[in-house]
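Chemist: quick one, fold the following:
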Amino acid sequence: AADWASTVRSVRHPLGGVSSRKLQGAEAASKLPGAPDGEYEILQFDTSFANKEAIETVVLAREASGWRVDGYFIR
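Modeler: Below you'll find the predicted structure:
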């Protein structure tokens, strides 16, 4: 968890604070490049940061204990 927070912080910090975030869409998938077959949910958000307009993508993977974040991308 600490490694995840550190990685995300280093990517997000230069963008500044979030001023708005709106869900653009969600898509279910069973196959993703470089990942084992499974149950995934891909969420995309239109996000306004203080220093950039971006699309955030969050990849969730279903595990026995529930959903967990498996990926986070900004473009």
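
Chemist: hey, what's the residue nearest the centre of the chain bridged with?
Modeler: Closest residue to the average C-alpha location of the chain: Val58 at 2.0 Å, with CA atoms, centre = their mean. Per DSSP bridges, the residues bridged to Val58 are Leu43, Tyr72.

Chemist: hmm, Gly71 and it touching each other?
Modeler: Yes - at 7.2 Å, Val58 counts as touching Gly71 under the criterion of CB atoms under 8 Å. Bear in mind the C-beta positions are built from the backbone N, C-alpha and C, glycine included.

Chemist: returning to what we had before: how close does the residue nearest to the centre of the chain get to Asn51?
Modeler: Distance, Val58 to Asn51, by CB to CB, to the nearest Å: 20 Å.

Chemist: what do you get for Val8?
Modeler: According to CB to CB, Val8 stands 16 Å off from Asn51.

Chemist: out of these two, which sits in the more crowded spot?
Modeler: Legend: neighbour count by other CB atoms under 10 Å for Val8 and Asn51, higher for Val8 (13 against 10).

Chemist: dump the host helix or strand of the more buried one to CSV, keeping only the CA atoms.
Modeler: Here Val8 sits within helix 2-12, counting by DSSP states H and E. Listed next in CSV are the C-alpha coordinates belonging to helix 2-12 (Å, rounded to 0.1, in the frame of the first residue of the first chain):
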residue,chain,number,x,y,z
ALA,A,2,2.8,2.4,0.8
ASP,A,3,4.5,1.7,-2.5
TRP,A,4,1.3,2.3,-4.4
ALA,A,5,0.7,5.6,-2.6
SER,A,6,4.2,6.8,-3.3
THR,A,7,4.0,5.9,-7.0
VAL,A,8,0.6,7.7,-7.4
ARG,A,9,1.8,10.7,-5.5
SER,A,10,4.8,11.1,-7.7
VAL,A,11,2.6,11.1,-10.8
ARG,A,12,-0.2,13.2,-9.4
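
Chemist: residues of that helix that come out buried?
Modeler: Neighbour counts using 16 or more other CB atoms under 10 Å place Arg12 of helix 2-12 among the buried residues.

Chemist: now the helix or strand following that helix: mean pLDDT?
Modeler: Using DSSP H and E, the next helix or strand after helix 2-12 towards the C-terminus is strand 18-29. The predicted model gives strand 18-29 an average pLDDT of 98.
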